[in-house]
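Build me a structure from this.
(chains A, B and C)
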Amino acid sequence: MSTFDAQSPPPPRPRAWSGVERALAAVGLSGKALVIAAPALWLTVFFLVPLAVVFGISLTIKQFGRPPYSPLLTNEDGTVQLTLHLNNYLRLFTDGLYVAAYLSSIKIALISTIITLLIGYPMAYAIARAPDQWRNILLMLVILPFWTSFLLRVYALSGFMRGNGVINQFLGLFGIPPVVMMQTDFAVYVGIVYTYLPFMILPLYTNLVKLDGALLEASADLGARPVRTFLSITLPLSRPGIIAGCMLVFIPAIGEFVIPSLLGGPSTLMIGRVLWDEFFANTNWPRAAAVAIAMLIVVVVPIMLLQRAQDAVQDKERGK
Amino acid sequence: MVKKPQLAIDTRPWRDPAAKPFVRIKNVTKKFGDIFAVSDVSLDIYKSELFCLLGGSGSGKSTLLRMLAGFEEPTSGTIEIDGQDMTHVAPYNRPVNMMFQSYALFPHMNVEQNIAYGLKRDGLPRAEIAERVRELLALVKLSDYGSRKPHQLSGGQRQRVALARALAKRPKLLLLDEPLGALDKKLREETQFELVKIQETLGVTFIVVTHDQEEAMSLATRIGVMNQGEIAMIGEPTDIYEFPNSKFVAGFIGSVNMVDGVVTEDEPAHVRIRSDELGCDIYVGHGVDCAPDQHLSWAIRPEKIMLSREKPEGIHDANVTRGMVEDIGYLGDMSVYQVLLPSGKRLRVTQTNVTRGNPDAITWDEEVYLSWGDSAGSVLTV
Amino acid sequence: MKRGWFLPIAATLGFAFLYAPIVSLVVFSFNESDLVTVWSGFSTKWYGAVLADPQILGAAWLSVQIAFSAASIALVLGTLCAVALVRFRKFRGRTLLAGTVSAPLVMPDVITGLSLLLLFVAMEATIGWPSGRGLLTIIIAHSTFCMAYVVVVVQSRLGDMDVSLEEAAMDLGATPVRVFFDITLPIIAPALISGWLLAFTLSLDDLVIASFVSGPGSSTLPMVIFSKVKLGVSPDVNALATIIIAIVALGVLAATIVQLRNHNNRAKAH
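Model prediction:
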């Protein structure tokens, strides 16, 4: 090998990849800083600042004109005056509607999540245990609704459940009088379960499919019946999947607007819908902003903290 | 096994105090948070050496290698390669290439593209790149595999592509991270010799990180044993095995019997150690840096102990003890005897099976004598 | 292992529940009658009606434009963010960035929509941009919430990727930017595609946020459907829904087949 010579000259310095790197270096910006700055700047302007704006506007009061809220800062004869109104927040407590809406949202989301889990778990388990050639087809059947328009699926359900819908026509064949399902809380529960079922099945499936079959055989070998094995092996091991699935259903369900407004009745109270009506029907922007801030504090922040704690527990279990 | 001379000129520059080292690691320390991954390591490596860094996981060997490649910056200390300070030079500006433990072959490029990647970064003319890729493929005996993707290759073939890719830029120094770690035992032995052959042909300096002592022993010109971020011993394979400088090195390389003792005679030409564990005195036929009444350890390799039914003549009334064969492990080429001494200590002794199907071999529950020469063991004070 | 009867039955009932409403919607989209639920004969007239409705076609085109732009912006920003979070081990504000980027995942749409609208109004009042609301404001809003999903998808792929591939390229003389385009990008490409598709679908599907930040004359497809549905079930919505579901189904089917084929090829090679 004559070309390989221990005395060969050192390789030339690699050229910079392009003008981009040199130009950045010229203004003293490293590529690394830029990579961080671009998304950080975007998120600051379009996510953090808006939340601050919402908070600011929640401290004003509704007035007629454009924009339909009182200014925070007024300038009279050179004196800048800051006017804060706490009325919106006081109204959240004094007007029973808001407290009831928050409580009812949590209740509806919680119950629907549990029902979704009860329906989704056996489905996920069945898919995970299905023979190989079936598994991909079944999985695709779950993924398909996942990608299909949410709004259209709610719409499909409403067509199914209405007074002269498929269900009632079917019942009619047996001489059973039509059941009123639409515009009830029942319809909202069904709607949430129906639309979020794939979100529950997918994380559960991902978890259950990794379950080592030998564990179940070992349990059976040691004398446990199938139900016992399920309760003491499968269920505890699938806890991360259960938590992930429940989070994916509960979180969006609590702020849901489309389902209560299309399927629910006038008495179905959900906070997302209250905010929407406050904004669009009453044009009370400050009140809507206060509802949003309260929702953030009562619902979103606890969920984020809970998720973080959950992540920390999982990291620890993985021995990080 | 003594390493065959590598170059025409003298082969062991480290024995020549005037020789100029090629890689100079000076007082290098690397901290991750509060943990010292590498602490105050100084090491000189000479041109055309095949140097092995040997250590368990967490010994700091990989961190040291990554600092040589430029992936980690030392917290303090300097690294010089061929007289140039490389401590803070980015990996892509170093005359150093690395062969990764996982091989790190780019999965979306074929074998040729993988090998050519570094050459393209240097902006070499296309014809020259093609020529060099061809040479390298011939060198690693993969000439017909140029257009395969990495996932279409076997483990051994991937390993060779990784080697060819790392050699492509003719680095001054090649770093190899567990180069044989992912191969099965048989392939590993074959590849080992091929690796040495390539290294000798090209004369490139190799630094190999490994946790496998056999691999280190058979590959290396010199070995640096690492423990808890520090270099425990640097030496030729025979030094490391036969003359370990500490209990750690003695125990880390190969198997060893270690006993405690007290110095009873400390003369310039010999030392006598009383060992209650052995139930006899140890006579060491050379001077040792110790003091009378000092407590120390003495280590002996299993193959350095002889077994016999009749009591052999000891040396100065020492170096012979008695025990009972408790267990025998038959390994084919040799047998491993576990002998229980009256003190409760167990010694491991190996004997080559010279005679085929020897009916007279020492067997279970036999009372035997164990004896050894006056320089068979090592006296260890640390 | 012995298979019980419970799981198959539960799965069958579950899938029936998932698909019965969709199947009935598809069937009735071919119904001749104006009355949505009474079958009177096969007809494709509602498809003709949909394809001739300028309002629906205009909204669909607007939605596609928005989804395409928003998914692309979200892909670029989300990928940068994922690279920063996964590859740069330590930098100031890392925790804040990680928290902020995942917040839209748990943020109810009504809050996201409201907050962005109030921002746009306040910005228009102070700096005069964006003037009015429409295509641009919807794209910005959708990019923001889609970005979080792209980050999740890309982050997990980057985390799974063997870092020594990037190190090897750097070792062979490639500068960091070069490494990203030569090595990282081709390897995470599948994640980028699924991230983009997810963002595209989410944007196409969004009703709530778009309702807040859209202006007069810029109704997206979900907004048009919603207002039609509010008035009651109409047969042309059935036809429109069937078209959309068919497109999605074909897409999912194609993706699954491609994925399975890749998987099989890879398995064969070993």
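
From C:L118, how far out is whichever residue of the stretch 101-250 of chain C sits closest to chain A?
The stretch 101-250 of chain C approaches chain A most closely through C:P108 (2.3 Å), counting by CB to the nearest CB. Glycine gets a C-beta too; all of them are placed from N, C-alpha and C. Distance, C:P108 to C:L118, by CB to CB, to the nearest Å: 15 Å.

Looking at those two, which is more packed in?
Taking neighbours as other CB atoms under 10 Å in any protein chain shown, C:P108 and C:L118 compare with C:L118 leading, 29 against 25.

Strands of the stretch 51-200 of chain A, start to end?
Ranges of strands within the stretch 51-200 of chain A are A:73-76, A:79-82, based on DSSP state E, counting those that start in this stretch.

Neighbours of the residue in the stretch 1-150 of chain B that chain A sits nearest to, how many?
Residue nearest to chain A within the stretch 1-150 of chain B: B:P95 (4.7 Å; CB to the nearest CB). Close neighbours of B:P95, defined as other CB under 10 Å, add up to 18.

same question, C:G113
Neighbour number of C:G113 under other CB under 10 Å is 28.

Over to B:S57?
Neighbours around B:S57, by other CB under 10 Å: 7.

Now it. Nearest residue, chain neighbours left out?
Spatially, and ignoring its direct neighbours in sequence, B:S57 is nearest to B:H211 (6.7 Å; CB to CB, 6 or more residues apart in numbering or on different chains).

same deal with A:F46?
A:F46's closest residue in space is C:T144 (CB to CB, 6+ apart), at 4.5 Å.

Strands of the stretch 251-382 of chain B, residue ranges please.
Going by DSSP E, counting those that start in this stretch, the stretch 251-382 of chain B shows strands at B:257-266, B:271-275, B:280-284, B:295-300, B:306-308, B:320-330, B:334-340, B:346-352, B:367-371, B:378-380.

Kindly spell out which helices and strands sit in contact with the third one.
Looking back up the chat, that one is strand B:280-284. strand B:271-275 (3 or more CB pairs under 8 Å, 6 or more residues apart in numbering or on different chains; DSSP states H and E).

now the angle between strand B:295-300 and the strand it packs on, please.
90 degrees (axes from the mean of the first three to the mean of the last three CA atoms, to 10 degrees).

In CSV, list the C-alpha atoms belonging to strand B:271-275.
Output of strand B:271-275 as CSV, limited to C-alpha atoms (Å, rounded to 0.1, in the frame of the first residue of the first chain):
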residue,chain,number,x,y,z
VAL,B,271,12.5,-11.1,51.1
ARG,B,272,10.6,-13.6,53.3
ILE,B,273,6.9,-13.2,54.0
ARG,B,274,4.9,-15.1,56.5
SER,B,275,1.4,-15.8,55.3
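
partner strands of that strand, parallel or antiparallel?
Strand B:271-275 sits in its sheet next to strand B:257-266 (antiparallel), strand B:280-284 (antiparallel), going by DSSP bridges.

Now do C:A49 against C:P235, distance only.
C:A49 sits 8 Å away from C:P235, going by CB to CB.

Nearest to chain C within the stretch 151-300 of chain A, name that residue for me.
Chain C sits closest to A:G255 of the stretch 151-300 of chain A, with a gap of 2.3 Å, by CB to the nearest CB.

For the stretch 151-300 of chain B, give me the ranges with low pLDDT.
Residues of the stretch 151-300 of chain B meeting the criterion pLDDT under 70: none.

Could you pull out the helices in it for me?
Secondary structure of the stretch 151-300 of chain B (DSSP state H, counting those that start in this stretch): helices at B:155-167, B:185-202, B:213-219, B:237-242, B:247-252.

For chain C, find the nearest of the ones you listed.
helix B:155-167 (7.2 Å).

Which elements pack onto that closest one?
With contacts taken as 3+ CB pairs under 8 Å, 6+ apart, helix B:155-167 sits against strand B:96-99, helix B:111-121, helix B:126-139, strand B:173-177, helix B:185-202.

need those in JSON lines with mean neighbour count, can you?
Formatted as JSON lines, these follow (neighbours: other CB atoms under 10 Å in any protein chain shown):
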{"stretch": "strand B:96-99", "mean neighbour count": "26"}
{"stretch": "helix B:111-121", "mean neighbour count": "23"}
{"stretch": "helix B:126-139", "mean neighbour count": "16"}
{"stretch": "strand B:173-177", "mean neighbour count": "24"}
{"stretch": "helix B:185-202", "mean neighbour count": "15"}
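
quick one: which of these is nearest A:V53?
Closest approach to A:V53 among the helices and strands packed on helix B:155-167 is made by helix B:111-121 (48.6 Å; CB to CB).

quick one: contacts for residue 291?
In the absence of a named chain, this looks at chain A. The neighbours of A:V291, taking CB atoms under 8 Å, 6 or more residues apart in numbering or on different chains as the test, are A:92, A:98, A:271, A:274-275, A:278.

The chain in question should be chain B.
Contacts of B:A291 (CB under 8 Å, 6+ apart): B:263, B:266.

Walking through the stretch 101-250 of chain C, point out its helices one by one.
According to DSSP H, counting those that start in this stretch, the helices that the stretch 101-250 of chain C contains are C:109-127, C:135-160, C:163-171, C:176-179, C:185-205, C:208-213, C:221-230, C:235-269.

Could you pick out the longest helix of chain A?
For chain A, the helix with the greatest residue count under DSSP state H is helix A:96-129.

Who are the packing partners of that helix?
helix A:87-94, helix A:132-147, helix A:185-208, helix A:239-254, helix A:271-276, helix A:285-295, helix C:6-29.

just to revisit the earlier point, quick one: the residue of the stretch 151-300 of chain A closest to chain C and C:G113 touch, right?
No. Applying CB atoms under 8 Å, one finds A:G255 not in contact with C:G113, separated by 10.6 Å.

sorry, back to before: compare the mean pLDDT across the helices of the stretch 101-250 of chain C and name the weakest.
Mean pLDDT is lowest for helix C:235-269 among those, at a mean of 81.

by contact count, what packs against that one?
By 3+ CB pairs under 8 Å, 6+ apart, helix C:235-269 packs against helix A:132-147, helix A:150-161, helix C:6-29, helix C:45-51, helix C:185-205, helix C:221-230.

That one to helix C:6-29, inter-axis angle?
If you take the same axes, to 10 degrees, helix C:235-269 sits at 140 degrees to helix C:6-29.

Return the distance of helix C:235-269 from the chain's centre.
15 Å (CA atoms, centre = their mean, to the nearest Å).

how long is stretch C:175-195 from one end to the other?
26 Å (CA to CA, to the nearest Å).

Residues touching it, excluding its own?
Residues contacting stretch C:175-195 (CB under 8 Å, 6+ apart): A:14, A:16-18, A:20-21, A:31-32, B:92, B:106-108, B:117, B:121, C:74-75, C:78-79, C:83, C:149-150, C:153-154, C:156-158, C:161, C:165-166, C:169-170, C:174.

just stretch B:346-363 next, same as before
B:255, B:257, B:302-303, B:305, B:307, B:309, B:323, B:325-326, B:328, B:332-341, B:368, B:370.

excluding its backbone neighbours, what's nearest C:A49?
C:D236 (4.8 Å).
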